[in-house]
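Q: Sequence below, structure please.
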Amino acid sequence: EVQLVESGGGSVQAGGSLRLSCAVSTLIFDDYAIAWLRQVPGKEREGVSCISSRPTSITYADSVKGRFTISRDNAKNTVYLQMNSLKPEDTAVYYCAAILWCDYDKYDYWGQGTMVTVSS
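A: Prediction:
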């Protein structure tokens, strides 16, 4: 069974940092890019960042460039999203998802989501 499991969400004050983790099943880790997306209730889901497998390429949404960093640890089958200088508008449920490549339009597998709350 393919699983993506997020962790690391929580509550933080504006300007603070959090690191999200996405543990990915061995079955797919080497073959898929992993994306982070976020969604606020009542709003459209937003792509935040994506990292491909090989060769490694990375994309960021303009809203998080310079503040968020995505990385992958191939030994641990885990993708991280380091979030610094957090703003209240970063508050959302964050999901990781597996996609064949970062500019594709179909996500094949999803995690359950982790809540991030940034207070002012």
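Q: what about the helices in this structure?
A: Using DSSP state H, the helices found in the chain span residues 26-29.
Q: what residue is smack in the middle of it?
A: The chain has W36 as the residue nearest its centroid, 2.5 Å off, counting by CA atoms, centre = their mean.
Q: Next, the contact list for that one, please.
A: 20, 22, 47-50, 70, 79, 81, 94-97 (CB atoms under 8 Å, 6 or more residues apart in numbering). All C-beta spots, glycine's among them, are computed from the backbone N, C-alpha and C.
Q: give me that answer again for 7 Å
A: Neighbouring residues of W36 by CB atoms under 7 Å, 6 or more residues apart in numbering: 48-49, 70, 81, 94, 96.
Q: May I ask which helix or strand of this protein has the lowest mean pLDDT?
A: helix 26-29 (a mean of 92; mean pLDDT, DSSP states H and E).
Q: Just the buried residues of that one, please?
A: For helix 26-29, burial by neighbour count (16 or more other CB atoms under 10 Å) applies to 28-29.
Q: quick one: contacts of it?
A: Taking CB under 7 Å, 6+ apart as the rule, helix 26-29 contacts 2, 77, 98, 109.
Q: which of the residues you listed lies closest to T59?
A: Using CB to CB, A98 is the member of those that sits closest to T59, with 15.2 Å.
Q: What number of neighbouring residues does the closest one come out with?
A: Counted with other CB atoms under 10 Å, residues neighbouring A98 total 22.
Q: quick one: contacts for it?
A: 4, 24, 28, 32, 34, 107-109.
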